[in-house]
Structure formats: C-alpha cells, structure tokens
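In: Build me a model:
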Amino acid sequence: MTSSSDRPLRIAFAASDRPEALEARARLAERYGSAPEEQADVIVALGGDGFMLETLHTVMERRTPVFGMNRGSVGFLMNDYEEDGLLERLSGAGRAVIHPLQMDAWTESGQVHSGLAINEVSLLRQTRQSAKLRISVDGRVRLEELACDGCLVATAAGSTAYNLSAHGPIIPLDSRVLALTPISAFRPRRWRGALLPHQATVCFEILEADKRPVSATADNFEVRRVTRVDVRERRDIALTMLFDEGRSFEERVLAEQFAS
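Out: Residues are numbered from 1 along each chain as shown. All right, here's what the predicted structure looks like:
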C-alpha cells in the first residue's frame with residue numbers, strides 16, 4: 001500500500017501485553033518511526049489473533065488498514081514476524097475486506113444491548129441445563145426448538161475460529177454467506193447448521209429463559225440473561241486486513257480445509 005501523497009507512509013505500531021509483542025513494537029518504532037493511530041495510513045498489530053480482533057474493533061470508525069505480525073500463539077489472521085523489509089511488505093500487501101455482524105440482544109428487563117462482531121455472535125447456556133432456542137431467518141421460523149449448549153452465527157473471517165471448533169464449515173471470504181452453527185446440539189441431534197445468504201437476519205428466541213438462562217456474545221462483548229437476539233451483517237462497515245503477497249487470506253482458508 002502507499003500513502004495518499006508523496007509523503008512517507010505513516011505507520012502506527014500496536015502491541016498486545018505479551019512481552020515479545022511489546023519488545024517488537026519498541027524495536028520497530030525506533031527503526032521505522034511511529035505515528036499516532038488516528039493519523040496513521042496503516043496499523044501494524046503485534047500479537048495473536050485475539051489482538052488482531054481488538055485492533056480491528058479500534059479502527060471500526062476510521063477504517064484504517066491493519067497489517068498483523070504474529071507475536072502471539074495461533075496467528076491465523078497474522079503475517080510472519082520479520083523486522084526487515086516492512087515498507088516493501090506493506091507496499092506489496094494484498095487486501096482482505098471484511099464486514100462485521102451486528103448483535104441486538106434483549107434482556108429480561110426489556111433493555112436492548114447492541115454490539116459488533118468480526119468473528120461471530122454466539123449464544124451459550126449459563127447453567128447446567130441446556131438452552132432451548134427458536135430460530136427464525138428473515139421472519140420465518142426455521143427451527144421451532146433447538147436444545148443445545150448454544151448456537152452461533154459466524155462471518156467468513158470468523159469461520160475458522162469458534163465456528164470451526166463447533167464443527168461448522170470453513171467459508172471463503174468472497175462467498176457472501178454466513179454460517180449458522182449449533183454448539184453441542186441435543187435435539188434435533190442430527191442438525192448440523194446451515195449456510196445463509198449474507199443479507200439474512202437471524203432471530204434467536206430463548207425458550208424458558210427464566211429456567212434456562214442464556215448469554216449472548218459479540219466477539220468479546222457479552223450480554224447475560226437474554227430473551228431474544230437478532231443478528232445481521234453490517235455491509236456499510238468495511239474493515240481491511242493486509243496480508244503478505246502470496247499469503248492471502250483466501251489461500252489460508254483454502255489450505256486450512258486440507259489441514260490434518
């Protein structure tokens with residue numbers, strides 16, 4: 001990527017609280033200079049996938065592109081850490097544009113709480129008893145009762161995270177679909193979820209909410225004892241992740257499907 005004029009690229013370095021990430025930020029800032037995040041052309045995020053999500057949430061309004069380098073554990077959303085040639089890497093980086101989900105969650109008191117999720121919106125039982133959910137898509141009931149530990153709606157970007165752990169499908173970034181995936185479904189036992197058009201609105205109604213309380217989470221924003229949760233894609237919000245040339249997000253998603 002390049003700056004909007006002939007001036008040098010303004011880079012902001014952000015780091016998780018891991019010692020290796022903080023040390024890397026100090027070295028990179030000394031070498032390349034560091035701009036305030038609100039003035040940067042690009043943010044280099046140093047950490048793991050969780051920190052990448054945190055950084056994307058911080059740029060939700062500014063829409064600044066984010067280039068991650070792995071100073072964490074998993075690093076699926078991150079590029080390899082290398083201090084040399086950073087400007088050249090940024091110049092040749094490919095873009096992956098993602099759209100978050102909006103969660104609107106109603107509680108027993110009638111209050112509604114809203115949050116944005118880059119990976120997924122998940123509903124989970126709060127007690128030892130299973131959750132009971134009624135699921136509607138675009139106003140039509142599709143599943144009258146799902147007894148389960150929970151259920152989630154995942155974006156393509158989040159399909160390799162919690163969704164994959166719950167045996168949901170891996171979704172290519174340009175597929176324009178969402179994954180609706182049950183978590184430990186008890187009844188109907190054989191229901192494995194569904195792929196939905198990206199413009200669909202999913203409504204979860206919590207059955208027996210007083211006896212079987214359920215929490216709802218949009219990435220790291222949690223609402224407890226919900227009675228209803230609506231989920232839809234926010235196509236008006238576009239977030240940009242940058243990946244090294246030849247290491248695109250699409251290639252990573254494809255390779256993950258053949259991983260042993």
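In: For the stretch 1-150 of the chain, which residues score under the pLDDT cut-off?
Out: Along the stretch 1-150 of the chain, the model assigns pLDDT under 70 to residues 1-6.
In: Could you double-check that Cys151 lies in contact with Leu123?
Out: Yes: under the contact definition of C-beta atoms under 8 Å, Cys151 touches Leu123, with a separation of 5.2 Å. Backbone N, C-alpha and C define where each C-beta goes, glycine included.
In: Show the backbone phi and psi for the most centrally placed residue in the chain.
Out: Among the residues of the chain, Asn119 comes closest to the average C-alpha position under C-alpha atoms, centre = their mean, at 2.0 Å. The phi/psi pair for Asn119 (degrees, to the nearest 10) reads phi -90, psi -60.
In: Next one: the closest residue to it other than its chain neighbours relative to Leu87, how far apart?
Out: Spatially, and ignoring its direct neighbours in sequence, Asn119 is nearest to Gly158 (3.0 Å; C-beta to C-beta, 6 or more residues apart in numbering). Separation of Gly158 from Leu87 (C-beta to C-beta, to the nearest Å) stands at 30 Å.
In: So these two - more neighbours on which side?
Out: Gly158 (28 against 11; other C-beta atoms under 10 Å).
In: tell me the contacts of that one?
Out: Contacts for Gly158 were tallied using C-beta atoms under 8 Å, 6 or more residues apart in numbering; they are Ala117, Ile118, Asn119, Glu120.
In: Reformat the residues you listed as JSON lines; add secondary structure.
Out: Conversion of the contacts of Gly158 to JSON lines gives the following (DSSP: H, G, I helix; E, B strand; the rest coil):
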{"residue": "Ala117", "secondary structure": "strand"}
{"residue": "Ile118", "secondary structure": "coil"}
{"residue": "Asn119", "secondary structure": "coil"}
{"residue": "Glu120", "secondary structure": "strand"}
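In: which one of these is nearest Arg7?
Out: Ile118 (30.3 Å; C-beta to C-beta).
In: Return the distance of the residue nearest to the centre of the chain relative to Tyr162.
Out: Between Asn119 and Tyr162 the distance is 7 Å, computed by C-beta to C-beta.
In: picking up where we left off before, would you point out the most distant pair within the contacts of Gly158?
Out: Checking those against each other with C-beta to C-beta, the farthest-apart pair comes out as Ile118 and Glu120, at 8.5 Å.
In: Cool, thanks, signing off.
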